[in-house]
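Engineer: I would like the atomic coordinates for the input below:
(one chain, ligands or ions: 1)
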Amino acid sequence: MPIAVRACTPDDFVRLAAAFGAGRLAHHRARYDLQERGEGWYLLAGDRAEVLGRVTLSFQSKYSGVRTAFGDFPEMNGLEADPPGHGTGTAIIRAAEDAAAARGATTIGLAVGVDNAGAQRLYRRLGYADWGPGRVCDEWTEPDAGGTVTAIHRDPCDYLIKELAPRAATRSVLCAYAPNESACLHTERRRRS
Ligand SMILES: CC(C)(COP(=O)(O)OP(=O)(O)OC[C@H]1O[C@@H](n2cnc3c(N)ncnc32)[C@H](O)[C@@H]1OP(=O)(O)O)[C@@H](O)C(=O)NCCC(=O)NCCS
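Structural biologist: The predicted structure is shown next:
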């Protein structure tokens, strides 16, 4: 069964808001707001009834060292897939690459925890390699159910990049907001379980 990946629509956001407590909702809202400001895409995998995974594709790196070195270029943040090991992560990464390339980007980047062996293996198999200048620090906050920040995490990360082949803007990217269309950025064969 194909795994569809699409940009979060207003209807999706209403469903996410209904499904999550205030803490998690703030996480989704920040990503949806970034998309609404035209600063990136909030990509969701799965069909309308079930969100299997997500990533933010920002049009500018959140890491100042990367911005200084490369200027504006697209970056994936917050990739998640649940359940894991069914090809959802791969489908989301490929969709993000397609969406970035369709905007004219020639490189895409991401930060991955130095001890996140599974994600490191997946990225490197998909063609990502260390960017060279060294590690970055991913700072993120942990809210409680009411949305109050209870902890600030600072994780050392490797920064990986991948060259993207140039390609023309595709209808699938352009129709991402058309709720009555297929609205798919990408589909990937789902792993047999
Ligand atoms: C990292 C993460 C996003 C990967 O997503 P995923 O959906 O599990 O990824 P995939 O299923 O595409 O690939 C994972 C494994 O399944 C295998 N696989 C994927 N699709 C397959 C298919 N169609 N047929 C056979 N195997 C497949 C891959 O080879 C890979 O194997 P590996 O463990 O040896 O590397 C997910 O595990 C996750 O959410 N982890 C927690 C959060 C996290 O660490 N995020 C990364 C932040 S940088």
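Engineer: Let's see the distance spanning stretch 100-111 from one end to the other.
Structural biologist: 16 Å (C-alpha to C-alpha, to the nearest Å).
Engineer: any idea of the mean pLDDT in it?
Structural biologist: For stretch 100-111, mean pLDDT rounds to 92.
Engineer: Off-centre distance for it?
Structural biologist: Offset of stretch 100-111 from its chain centre (C-alpha atoms, centre = their mean, to the nearest Å): 12 Å.
Engineer: again, but for stretch 69-78
Structural biologist: The chain centroid and the centroid of stretch 69-78 are separated by 11 Å under C-alpha atoms, centre = their mean.
Engineer: ok, now which ones touch Asp12?
Structural biologist: The contact partners of Asp12, by C-beta atoms under 8 Å, 6 or more residues apart in numbering, come to 6, 44, 48, 51. Every residue, glycine included, has its C-beta placed from N, CA and C.
Engineer: Check pLDDT for these and point me to the minimum.
Structural biologist: Comparing these by pLDDT, Arg48 comes last, at 76.
Engineer: OK, contacts around that residue?
Structural biologist: So Arg48 contacts 11-12, 15 (C-beta under 8 Å, 6+ apart).
Engineer: rewinding a little: give me the buried subset of the contacts of Asp12.
Structural biologist: Applying 16 or more other C-beta atoms under 10 Å to these, the neighbour count classes 6, 44, 51 as buried.
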